[in-house]
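Student: Next come a sequence and a model predicted from it.
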Amino acid sequence: MKNTVKTLASVMLFGFTLAFPAAADDFKLGIGGGATFPIGDYADAYKTGWNATVRALWLPSSSFVGLRGAGYYGQNAPKYAEFFGTTIKNSSLYGVDANAAFRLTGKGAEGLYANAGIGFRSLRQTMEGSGVKVAQTDTSISYNAGVGYSAGWFFAEANAVYFRVQGADLWSVPLTVGFQF
């Protein structure tokens, strides 16, 4: 599944560059990082973590609607690292998003924008105890919405992300800042 996510992210990025030979003001590719805040069931087991994000934003000057694609990886430390003799390791969360983007202010890909769409999330959890190591990865469709600000070489985003794993409703809010070109 990890290769599928990488392939999907590569195809999306390649498609952005080929299908939309937009002016530099209409297309921005960004690399950033920040904090990921788990909410609900996810917050019951894990603390605030970190994320690394690659984001492509295309908002044509001639329209207020465009596209946003993102791929990311992050980790969250467990709230209870030791549980009845079992060591719980950091959770790893990676995924891709495909979103509609809506310009709220500004011109092209610069200014304030909102986004909403779907994606895929994979959550990897690892536990060790008594010489046994167990790792489990669950992948599911995710839904996300958020806001962002893009200006020159800088961008910032806040998104709410929902996905379901083994009957648990998992929410997270990644806050990301980064550089773009």
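Tutor: Yep, that arrived.
Student: residues in contact with the residue of the chain most remote from its centre?
Tutor: Distance from the C-alpha centroid of the chain, by Cα atoms, centre = their mean, peaks at S130 (34.7 Å). Applying Cβ atoms under 8 Å, 6 or more residues apart in numbering to S130 gives the contacts G85. The C-beta positions use only the backbone N, C-alpha and C, and glycine is treated the same way.
Student: Can you check what pLDDT the model gives it?
Tutor: pLDDT, S130: 83.
Student: Could you do the one 10 residues further on as well?
Tutor: Model confidence at S140, given as pLDDT, is 96.
Student: now A81
Tutor: 87.
Student: Show me what the helix or strand encompassing G69 is packed against.
Tutor: Using DSSP states H and E, G69 sits within strand 65-76. On a contact count with 3 or more Cβ pairs under 8 Å, 6 or more residues apart in numbering; DSSP states H and E, strand 65-76 meets helix 2-19, strand 27-40, strand 49-58, strand 91-103, strand 111-129, strand 168-180.
Student: Using TSV, please lay out the ones you listed together with distance to A156 and mean neighbour count.
Tutor: Shown next, in TSV, are the helices and strands packed on strand 65-76 (distance: least, Cβ to Cβ, whole Å; neighbours: other Cβ atoms under 10 Å):
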stretch	distance to A156	mean neighbour count
helix 2-19	20	14
strand 27-40	8	19
strand 49-58	11	20
strand 91-103	15	21
strand 111-129	10	18
strand 168-180	5	19
